[in-house]
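Colleague: model this:
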Amino acid sequence: MAKLYIHAGSHKTGTSSIQKYLFLNKKWFSMHGFYCYLEGPDNKPHRGNHSWWFDHSKLKEQSAYLRKGFVSSISRFSERYDNVVVSSECFSWIFDAPHLEKIAKELKESFDEIEVIFYIRRQDRHAVSHYQQAAKSFAEKEFYSGRNGALPDLDDNSIKYLDYYEKLLLWEAAFGRGSVTFRCFDDDVASRGVVSDFLLCLGISPIDRPQDGERANESWGWERTKVFRILNELGVRHQSECGQVIKSFLNDEGKLLPSAEEAYEFYSYFKESNKKLAKSLGYKDQFVCFEEDFSFYPKFSCDTFDETSANQALLNLSKGFLEYIKAKG
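Modeller: Residues are numbered from 1 along each chain as shown. Below is the predicted model:
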């Protein structure tokens, strides 16, 4: 009886930390009866979020799609292991119901049981963190729309990603009612550690587990985020040689934040959907899914250049570019 665990995201909820842990502790998981699926199309293990298995070319207009070969690749291990776990936040980009139902049907031919695990954050907090990722990632840059500020536009794309109740319905329609677990990435999970929480979802005790190491894929600071959003428009990626040099000169302190009023207005769009989600998940208070404390945010937004910050960013950008030119001779 093989069981498949799909850790499907969401983005910016400790996914990179979980994926790093799976990669570094394959033998430990094997001792507990789990196979950590890390294979790519080349049949070799890779560290990362399995983005190589996903086609993002139609993400902005439609959905991400799993590439041909994924199902057959992961299904090979159903005959050798009782439990198989795969982790990729790219699953969160799938919005195409027929495609998801097709994938589910094919996986069920090899796995007797499938459990899908999502971590979710309150919509405003998720949007702030995920939108900042657009400074690093092409997918986020293409998916979200909006000015170079703290929050994306509340458009069709951000709504279909952040409406968790509709996401629950989408995935349950494909994999079956009761097969999808939603975990709130709140202060309790953060204090416990998302890796420990994930192990509990797998039925593994986190006591005496190998240590995590450093946190992965941390968000950037204020200046670095805003400058690289602009550089991305010019085709300068932070992974490039030029981008790496420039990044080292940009200030990495502070965070882009909307005002408390702006954050609440963004979150409010999802309140009715969140009530339905809470009821579906069996919360004791069927009208509360997330705590509504907005004291984390400032009274006034801090996501816009003023004369001083713009001049400092331009100075640091110029220093980085001149250093790159100097290094290239």
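Colleague: How far away from the center of its chain is stretch 180-199?
Modeller: Chain-centre distance of stretch 180-199: 14 Å, with CA atoms, centre = their mean, to the nearest Å.
Colleague: Just the endpoints, please. Distance across it?
Modeller: Using CA to CA, to the nearest Å, the end-to-end distance of stretch 180-199 comes out at 16 Å.
Colleague: contacting residues around it?
Modeller: By CB atoms under 8 Å, 6 or more residues apart in numbering, the list of residues contacting stretch 180-199 from outside reads 7, 10, 13-14, 17-18, 21, 115-122, 164, 168, 171-172, 201, 205-206, 209, 212, 277, 281, 289-291. C-beta: built from backbone N, CA, C; applies to glycine.
Colleague: what about the strands in the stretch 151-300 of the chain?
Modeller: For the stretch 151-300 of the chain, the strands defined by DSSP state E, counting those that start in this stretch occupy 180-184.
Colleague: Output the below-cut-off pLDDT ranges for it.
Modeller: By pLDDT under 70, the weakly predicted segments of the stretch 151-300 of the chain are 187, 213-217, 284-288.
Colleague: Recalculate using a threshold of 80.
Modeller: Applying pLDDT under 80 to the stretch 151-300 of the chain flags the ranges 186-188, 190-191, 212-218, 283-288.
Colleague: Let me see the mean pLDDT of whichever strand or helix holds residue 116.
Modeller: Using DSSP states H and E, residue 116 sits within strand 113-120. In this model, strand 113-120 has a mean pLDDT of 97.
Colleague: Please apply the same query to stretch 69-82.
Modeller: 96.
Colleague: Can you get me the start-to-end distance on that stretch?
Modeller: 21 Å.
Colleague: mind listing the helices for the stretch 101-250 of the chain?
Modeller: Remark: helices assigned in the stretch 101-250 of the chain by DSSP state H, counting those that start in this stretch are 123-132, 138-143, 156-162, 164-175, 187-192, 194-201, 222-233, 241-249.
Colleague: Put the buried members of the contacts of stretch 180-199 into a PyMOL selection.
Modeller: Filtering the contacts of stretch 180-199 down to the buried ones (16 or more other CB atoms under 10 Å) takes a single PyMOL command:
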select buried, resi 7+10+13+14+17+18+21+115+116+117+118+119+120+121+122+164+168+171+209+212+277+281+289+290
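Colleague: re earlier: let's have the helices of the stretch 101-250 of the chain in TSV, adding distance to residue 300.
Modeller: Formatted as TSV, the helices of the stretch 101-250 of the chain follow (distance: least, CB to CB, whole Å):
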stretch	distance to residue 300
helix 123-132	15
helix 138-143	26
helix 156-162	23
helix 164-175	29
helix 187-192	25
helix 194-201	31
helix 222-233	15
helix 241-249	28
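Colleague: Out of those, which is the most enclosed?
Modeller: helix 123-132 (a mean of 24; mean count of other CB atoms under 10 Å).
Colleague: picking up where we left off before, go through the helices of the stretch 101-250 of the chain and name the closest to residue 47.
Modeller: helix 194-201 (15.1 Å; CB to CB).
Colleague: got the angle between the closest one and strand 180-184?
Modeller: Counting by axes from the mean of the first three to the mean of the last three CA atoms, to 10 degrees, helix 194-201 lies at 150 degrees to strand 180-184.
Colleague: and the angle for helix 194-201 with strand 113-120?
Modeller: Inter-element angle recorded for helix 194-201 and strand 113-120: 150 degrees (by the same axes, to 10 degrees).
Colleague: Tell me the spacing between the closest residue to residue 52 other than its chain neighbours and residue 28.
Modeller: Among residues not flanking residue 52 along the chain, residue 40 sits closest, at 5.0 Å (CB to CB, 6 or more residues apart in numbering). According to CB to CB, to the nearest Å, residue 40 stands 22 Å off from residue 28.
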